[in-house]
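1. sequence below, structure please.
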Amino acid sequence: MSHQLRNIPSLDGLRAISITLVVISHLAIGVYHDHAQSFTRVGSIIQTLFFSRSFGSNYFFVISGFLITTILLKERIINLKKFYFRRLLRIFPPYYFYLMILFIMWLIGIQEMSAYNFLAALSYTRNYFFDNSSPGSWNLAHTWSLSVEEQFYILFPLVLLAIGKRGGLIFISFVIFLCPLLRLFLVLNTPEVSMEFIRFETVADSLAVGCLLAGVRGHLHQHEWYVTLLNSKYLLFLPFLILLITWVGRFPEFCPKSLYSVGAITIQNILIAVFIDRVITNYQGRMGKFLNAAPIAFIGAMSYSIYLWQQLFLNPELSLPIIVKLMLVAIASLASFFLVEKSSLKLRGYLETKFISLGNTNKKSV
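-> Residues are numbered from 1 along each chain as shown. Now for the predicted structure:
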């Protein structure tokens, strides 16, 4: 795989935006938890702007779909052994290290935890099996999106291998059409379950939009209207429009849940994909330079570790000043990134060289 592919411009910057949105969302939940009684109507509306389970997650999903499909489409023949091996040593060590620390905290009595939730997180199935009313459920709540990602990593290469790359793009187009209908069905028939935004089959269209972008990007860039669109300065306002769509979904009086689930999320996914293409293509523009600046790219490179550890320290029931919480997130994330993530990537590179015939590999993380 080429060095250029592994260093897609603006990608780490986009990850930085995604994780920042997640952190802001969880901070907002904590502030609301502590000061709900003192909020005015205007304050509550502003607060709700950042108060969403899917806030930031859709960015991650579209980015993941785009990146993984770009990688797979570049392969002449899809090598499942290579793909799964690289994903395993990229994803598992930091994740299971986080779970191990939670387990140790539970053993020594400083952390409550439900065995049901822990086993679901351990098996990457928490997007189907969860009990948010049980003690300690917050610290494992974010594993629903990691479960979605892992299920995607397992299934999508198999789909491409089974029906080919062209057939795979047709299939993901069908997914983009079907998922909103599944969400609508759940909203109308089982509104009390509230799983319409976390089950794999109901959020897979976010991943699929990223996949489709990777598959048709070259074709789109041959059309003058699309190139003109990408070069438009107005696209720089897309993140604010995406945020507005998320916010509107919090108010049924503005946007009924059924309409939000079937239409708004699809529009949001498409806008995210267009924004991704814009900043990757025009990476030398102002937004591109910002996203590729060293501090922003570093945050993006650390986004996985940040995503894991922010959950523990941004717990609304943890009575600490916000600045202290953020400092603890930074310390834990840095430790995870340098001691666990980078070590596992070095091990991956060593094992590739010594034991697995993967061709000329570049050891840098994808």
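
2. tell me where the model's unsure across the stretch 1-150 of the chain.
-> Applying pLDDT under 70 to the stretch 1-150 of the chain picks out residues 1-7, 32-55.

3. switch the cut-off to 90
-> Low-confidence segments of the stretch 1-150 of the chain (pLDDT under 90): 1-9, 17-18, 21-22, 24-59, 74-79, 81-82, 111, 130-136.

4. was I right about residue 255 contacting residue 244?
-> No: assessed by C-beta atoms under 8 Å, residue 255 is found out of contact with residue 244, at 10.7 Å. Using the backbone N, CA and C atoms, a C-beta is placed for each residue, glycine as well.

5. between these two, which is the more surrounded one?
-> Neighbour count, other C-beta atoms under 10 Å: between residue 255 and residue 244, residue 255 has more, with 17 against 13.

6. number of nearby residues for residue 26?
-> The number of residues packed around residue 26, counting by other C-beta under 10 Å, is 25.

7. apologies, that question was intended for residue 324.
-> 11.

8. same check on residue 197?
-> Number of residues near residue 197 (other C-beta under 10 Å) recorded here: 21.

9. and it, how far is that from residue 243?
-> Counting by C-beta to C-beta, to the nearest Å, the gap from residue 197 to residue 243 is 17 Å.

10. ok, residue 16 next?
-> 16 Å.

11. comparing these two, which residue is more hemmed in?
-> Legend: neighbour count by other C-beta under 10 Å for residue 16 and residue 243, higher for residue 16 (24 against 16).

12. was I right to think the more buried one contacts residue 294?
-> No: taking contacts as C-beta under 8 Å, residue 16 lies outside contact range of residue 294: 11.3 Å.

13. show me the helices in the stretch 251-366 of the chain, by range?
-> 257-259, 265-281, 286-291, 294-301, 303-313, 322-335, 342-355 (DSSP state H, counting those that start in this stretch).

14. by contact count, what packs against the first one?
-> So the one you mean is helix 257-259. When contacts are defined as 3 or more C-beta pairs under 8 Å, 6 or more residues apart in numbering; DSSP states H and E, helix 257-259 sits against helix 143-189.

15. same question, the longest one
-> In terms of contacts (3+ C-beta pairs under 8 Å, 6+ apart), helix 265-281 is packed against helix 11-35, helix 57-74, helix 143-189, helix 200-220, helix 224-230, helix 238-248, helix 286-291.

16. mind giving me JSON lines with those and columns for distance to residue 270?
-> Compiled in JSON lines, the helices and strands packed on helix 265-281 are given as follows (distance: least, C-beta to C-beta, whole Å):
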{"stretch": "helix 11-35", "distance to residue 270": "16"}
{"stretch": "helix 57-74", "distance to residue 270": "9"}
{"stretch": "helix 143-189", "distance to residue 270": "9"}
{"stretch": "helix 200-220", "distance to residue 270": "6"}
{"stretch": "helix 224-230", "distance to residue 270": "12"}
{"stretch": "helix 238-248", "distance to residue 270": "10"}
{"stretch": "helix 286-291", "distance to residue 270": "19"}
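
17. so what's residue 180 up against?
-> Contact partners of residue 180, counting by C-beta atoms under 8 Å, 6 or more residues apart in numbering, are 205, 261-263, 265-266.

18. let's go with 6 Å and repeat that
-> Contacts of residue 180 were listed using C-beta atoms under 6 Å, 6 or more residues apart in numbering, and they are 262, 266.

19. now swap in residue 301 and tell me
-> Applying C-beta under 6 Å, 6+ apart to residue 301 gives the contacts residue 12.

20. state the distance from it to residue 342.
-> For residue 301, the distance to residue 342 (C-beta to C-beta) stands at 10 Å.

21. and residue 311, by the same measure?
-> 21 Å.

22. what about these two, which has more around it?
-> The residue with more neighbours, out of residue 311 and residue 342, is residue 311; 20 against 15, by other C-beta under 10 Å.
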